[in-house]
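>>> kindly generate the corresponding structure for this input.
(2 chains)
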Amino acid sequence: MQKITREQLLAKASELLSNGTVSCVLGWGLGEFDYDVTPTIFKSVEELENGFVFNDFCGANFSKYLVNKTAKLEGKILVFLKPCDTYSFNQLLTEHRFDREKVYAVGIPCEGMADIAKVKAISGDGIAAIGSNGDKLTVTTLYDDEAIVIDTNEVLAERCINCKSKKHVAYDELMGEEGDVTQSNRFDEVARLEAMTPDERFAFWQNELSRCIRCNACRDACPACTCEKCVFDNPSSGVENKSPANSFEEKLFHIIRAYHVAGRCTDCGECSRVCPQNIPLHLLNRKFIKDMNEFYGEYQAGAEVGSRAPLVSYTTEDLEPGEVFNRGENNA
Amino acid sequence: MQVNEYKPLIVAFCCNWCSYAGADLAGNNRLAYPADVKIIRVPCSCRVNPMFILRAFQRGADGVIICGCHPGDCHYTSGNYFTRRRMAALFSMLDFLGIEKERTRVEWVSAAEGAKFAATMNDFVQTVTALGENKRLEDLRCKK
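Prediction:
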């Protein structure tokens, strides 16, 4: 259950739109179903009243949309940012990807978003409507007469269970209360995999990555992937196929994708959220974050504008590549 | 006599200023190293895009080694410091995915270290031969 309601956000958006502070609103729009909320541009109060939604499925991170929208649209854009979105916002500013002057950012509190895959695992398919009632979700399906009641905590998205921060690092205006950086256990799963033998790890990833259908959704949704020309669209790169040809292709794609955002990934978890095959892609990104924290000191991408990512900087005392494998034994 | 003795394919990226000259010195001094090592000359070890390494594995390499100037001796001042960070991250990731960590290596070989070059290559080829063929990153389409 979110602490802030649709009505509050709607009032704020309408007010800013009416008094001319902004010329349009980037917000969550009504989708086909209650759970597939779609990022939408609203240009008038009427459009907002008809189409604006805010519920437990508003996971979309709007930061990336700003790159395209600020370049195309006239005037200021109002954007709603959850705490984790503000890190991506800062990271894109660091990389000079959009004009800060053209954005009016409103920070909103977030209590964690629901994962529709987890909801479906409980309710089954055929969801007709999802309502919210306190800490419960009421799911109506085509096949059941009575609505199924689910505790929101049971269906929290993985990234929200391990929420790294409830603190906004960038905003023009804040609604609700400011939170704190939280102590999360987000690296536990990575550590669990690291403790396995290479054969077990290979089997684990073979199992996960072989489900990949190369839809490129992880790339398209990732706020760190904003190159205008992408290696995955280049026919001469050898990795541009739109369906995985064999097991090599899947692995290669995911190594490259994760490596391209290494050091710049804010761990917003969009890659895993949009994956239609529910591959835990964020684990690859977290592995890079965990490694770099261990090798080169704690670094949180997007925590401040203008910070230097670990891979574009160096010290003369860095670890040798061969030493990274021994560190576990040294620590023990 | 063994008929089908396994010969690994090793790709060595050597920086033009140190390691390539080091390989040359090894040759001048008649120091033997296996012919399985295919040397690719690059202007600087930091020219090696991580994609090159993955590409080498895709095309059938069994091991990839990157050789550059010793840290602090880079012809371009700081290239190898970047290589060091990049490769540490990449190798750790490959290990995380379960690809044998012995198949990748970074060594610093100066132009005066012909003996080190030969010794490094001998050791690396031995290690990779023991591991056998690269199965985990192979691309069936690239097999002849």
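
>>> quick check, B:N4 in a strand?
No: assignment of B:N4 by DSSP: H, G, I helix; E, B strand; the rest coil gives coil, placing it outside any strand.

>>> can you get me a residue count around it?
Applying other CB atoms under 10 Å in any protein chain shown, we find 5 other residues in the vicinity of B:N4. The way it works is simple: take the backbone N, C-alpha and C, and place the C-beta from them, glycine included.

>>> ok, and the closest non-adjacent residue to B:A61?
Nearest non-adjacent residue to B:A61, counting by CB to CB, 6 or more residues apart in numbering or on different chains: B:V11, 4.6 Å away.

>>> state the phi and psi torsions of that neighbour.
phi -110, psi 130 (degrees, to the nearest 10).

>>> check which helix or strand covers the residue in the stretch 101-250 of chain A positioned nearest to chain B.
Among all residues of the stretch 101-250 of chain A, A:F202 sits closest to chain B, at 2.7 Å; criterion: CB to the nearest CB. Taking DSSP states H and E as the definition, one finds A:F202 inside helix A:198-209.

>>> tell me where the stretch 51-200 of chain A has helices.
For the stretch 51-200 of chain A, the helices defined by DSSP state H, counting those that start in this stretch cover A:63-72, A:83-94, A:116-123, A:158-161, A:188-194, A:198-209.

>>> same check on chain B?
Per DSSP state H, chain B carries helices over the ranges B:19-28, B:50-58, B:79-96, B:114-131.

>>> can you state the direction angle for the second one and helix B:79-96?
Using axes from the mean of the first three to the mean of the last three CA atoms, to 10 degrees, the inter-axis angle of helix B:50-58 relative to helix B:79-96 is 50 degrees.

>>> got a list of contacts for helix B:50-58?
The contact list for helix B:50-58 (CB atoms under 8 Å, 6 or more residues apart in numbering or on different chains) reads A:231, A:237-238, A:248, A:252, A:255-256, A:259, B:11, B:13, B:64, B:66, B:86-87, B:90, B:103-104, B:134, B:137-139, B:142.

>>> so among these, which ones count as buried?
Burial by neighbour count, judged by 16 or more other CB atoms under 10 Å in any protein chain shown, picks out A:231, A:238, A:248, A:252, A:255-256, A:259, B:11, B:13, B:64, B:66, B:86-87, B:90, B:103-104, B:134, B:137-139 from the contacts of helix B:50-58.

>>> of the residues you listed, which belong to strands?
If you go by DSSP state E, the buried ones among the contacts of helix B:50-58 have B:V11, B:F13, B:V64, B:I66, B:T104 in strands.

>>> among the residues you listed, show me the least confident.
Within the set of these, pLDDT is lowest for B:T104 (93).

>>> can I assume that residue is in contact with B:A61?
No: between B:T104 and B:A61 there is no contact under CB atoms under 8 Å: 10.2 Å.

>>> mind giving me the domain split of chain A?
Following automatic domain parsing, chain A resolves into domains at A:1-113+A:164-184, A:116-155, A:185-323.

>>> would you mind giving those as JSON lines with distance to B:N122 and mean pLDDT added?
Compiled in JSON lines, the domains of chain A are given as follows (distance: least, CB to CB, whole Å; pLDDT from 0 to 100):
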{"stretch": "domain A:1-113+A:164-184", "distance to B:N122": "45", "mean pLDDT": "92"}
{"stretch": "domain A:116-155", "distance to B:N122": "52", "mean pLDDT": "89"}
{"stretch": "domain A:185-323", "distance to B:N122": "17", "mean pLDDT": "89"}
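
>>> redo those domains as a markdown table? Include distance to B:A119.
Listed next are the domains of chain A as a markdown table, based on distance: least, CB to CB, whole Å:
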| stretch | distance to B:A119 |
| --- | --- |
| domain A:1-113+A:164-184 | 43 |
| domain A:116-155 | 53 |
| domain A:185-323 | 15 |
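
>>> point me to the residue sitting closest to the centre of chain B.
In chain B, the residue lying closest to the centroid (CA atoms, centre = their mean) is B:I65, at 1.4 Å.

>>> A:K290: which of the ones in strands among the buried ones among the contacts of helix B:50-58 is nearest?
Using CB to CB, B:T104 is the member of these that sits closest to A:K290, with 19.3 Å.

>>> quick check: closest non-adjacent residue to that closest one.
Spatial nearest neighbour of B:T104, chain neighbours left out: B:F91 (4.9 Å); criterion: CB to CB, 6+ apart.

>>> pretty sure that neighbour contacts B:R103?
No: here B:F91 does not reach B:R103: they are 9.3 Å apart, not a contact under CB under 8 Å.

>>> list the contacts for the residue of chain B found nearest chain A?
Minimum separation of chain B from chain A (CB to the nearest CB) falls at B:G98, amounting to 2.7 Å. Applying CB under 8 Å, 6+ apart to B:G98 gives the contacts A:P198, A:D199, A:E200, A:R201, A:F202, A:A203, A:F204, A:W205, A:Q206, B:R136.

>>> bridging across strands, which residues link to A:A114?
Beta bridges link A:A114 to A:L156, judged by DSSP bridges.

>>> tell me how far it lies from A:E173.
Distance of A:A114 to A:E173, computed by CB to CB, to the nearest Å: 26 Å.

>>> what's the weakest-modelled helix or strand in chain B?
Least confident helix or strand, chain B: helix B:50-58 with a mean of 90, by mean pLDDT, DSSP states H and E.

>>> put the alpha carbons of it into PDB.
C-alpha atoms of helix B:50-58 as PDB (Å, rounded to 0.1, in the frame of the first residue of the first chain):
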ATOM      1  CA  PRO B  50      36.200  -6.700 -23.600                       C
ATOM      2  CA  MET B  51      34.200  -7.600 -26.700                       C
ATOM      3  CA  PHE B  52      37.500  -8.700 -28.300                       C
ATOM      4  CA  ILE B  53      37.900 -11.300 -25.700                       C
ATOM      5  CA  LEU B  54      34.400 -12.600 -25.900                       C
ATOM      6  CA  ARG B  55      34.700 -12.600 -29.700                       C
ATOM      7  CA  ALA B  56      37.900 -14.600 -29.500                       C
ATOM      8  CA  PHE B  57      36.100 -17.200 -27.400                       C
ATOM      9  CA  GLN B  58      33.200 -17.200 -29.800                       C
END
